[in-house]
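In: sharing a model that was predicted from the sequence below.
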Amino acid sequence: MKNKFYTYIQKLQDQICKEIEEIDEKAYFKEDLWSRPEGGGGRTRVIENGNLFEKGGVNISVVHGKLPHSMQNLFNVGEVDFFACGLSLVIHPKNPMVPTVHANWRYFEMYDDKGKIINSWFGGGQDLTPYYLFEEDAIHFHQTCKTACDKFSPEFYPKYKKQCDNYFWNSHRNEARGIGGLFFDYLKETETMKMNDWYNFVTEIGNSFLDAYIPIVEKRKGLTYSEAQRKWQEIRRGRYVEFNLVHDKGTLFGLKTNGRIESILMSLPPHVQWIYNYHPEKGSEEEKLIKILESPKDWL
């Protein structure tokens, strides 16, 4: 399974990078191969200063070895070996009318002292963070997620949509990071879903990503914007940074397992503002977004 999934995310990385480059028409991904002393490595790809995309990263990593003590406590296990691989991406557009997008698909195994698998699971999801709210874009993104989920169970979309709303929540701000999407973790074998079924589900979600995001980029990339709107984008990006550094489990896992710091923090946007006690004007488009982020919405 680990080889099968690693092969899949390598191909998906190639596909996503190709489409992002084609729509940007200027910038190309720079590739950075790296290795981890304890075992494993990765293929980081970053795009910067393009026509459309100010910064983006589409990274794959495969790490293995002894599970660090800090993570043993998290998983409530003793001395074990582990294997983890995944694809993680964040795309920050230049135009504030185009939303930031994040996605991650991953697989994890743990072994006993004889090398036998004692636990394995899939995780991942995809979510959208707009700066200006176009409801038809939110509906499109969520409908694409639901269509992919419905191929497996009508229960999956509402369940993983709710988990996404709960996870990407800036509790210290009491607001959502964005308008959500899907989030799932610890997808383990059951009577109804074997590991190969979960593989098919997670790869179906991964395959739906470009269909969910690229049409939104195409629709909004030509819209004009002002310096004031750009400033609002940078203020909202600050909330994005806060979530990734305060709450995100993936960032924590990377730091705790001696991951490559440049790859872990590639999700941070290049231009951000923190303005003291900033509030948008009443009745403005900016306030409309804030109101939406105060409580999760059923977009469908």
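Out: Okay, I see it.
In: name the helix or strand for residue 215, please.
Out: According to DSSP states H and E, residue 215 maps onto helix 195-220.
In: brain fart, residue 82
Out: Going by DSSP H and E, residue 82 is in strand 81-93.
In: tell me which helix or strand the residue nearest to residue 40 when sequence neighbours are not counted sits in.
Out: Leaving aside its chain neighbours, residue 40 sits nearest to residue 63 (3.8 Å; criterion: CB to CB, 6 or more residues apart in numbering). All C-beta spots, glycine's among them, are computed from the backbone N, C-alpha and C. Here residue 63 is covered by strand 53-66, with elements defined by DSSP H and E.
In: what's near enough to touch the most centrally placed residue in the chain?
Out: The centroid of the chain falls nearest to residue 103 when counting by CA atoms, centre = their mean (2.7 Å). Listed by CB atoms under 8 Å, 6 or more residues apart in numbering, the contact set of residue 103 reads 87-89, 124-127, 206, 209.
In: so which residues of the stretch 51-200 of the chain form helices?
Out: 69-75, 135-150, 156-167, 195-220 (DSSP state H, counting those that start in this stretch).
In: and the ones you listed as JSON lines, adding mean pLDDT, mean neighbour count and distance to residue 98?
Out: Converted to JSON lines, the helices of the stretch 51-200 of the chain look like this (pLDDT from 0 to 100; neighbours: other CB atoms under 10 Å; distance: least, CB to CB, whole Å):
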{"stretch": "helix 69-75", "mean pLDDT": "77", "mean neighbour count": "13", "distance to residue 98": "36"}
{"stretch": "helix 135-150", "mean pLDDT": "98", "mean neighbour count": "19", "distance to residue 98": "9"}
{"stretch": "helix 156-167", "mean pLDDT": "98", "mean neighbour count": "19", "distance to residue 98": "20"}
{"stretch": "helix 195-220", "mean pLDDT": "98", "mean neighbour count": "19", "distance to residue 98": "5"}
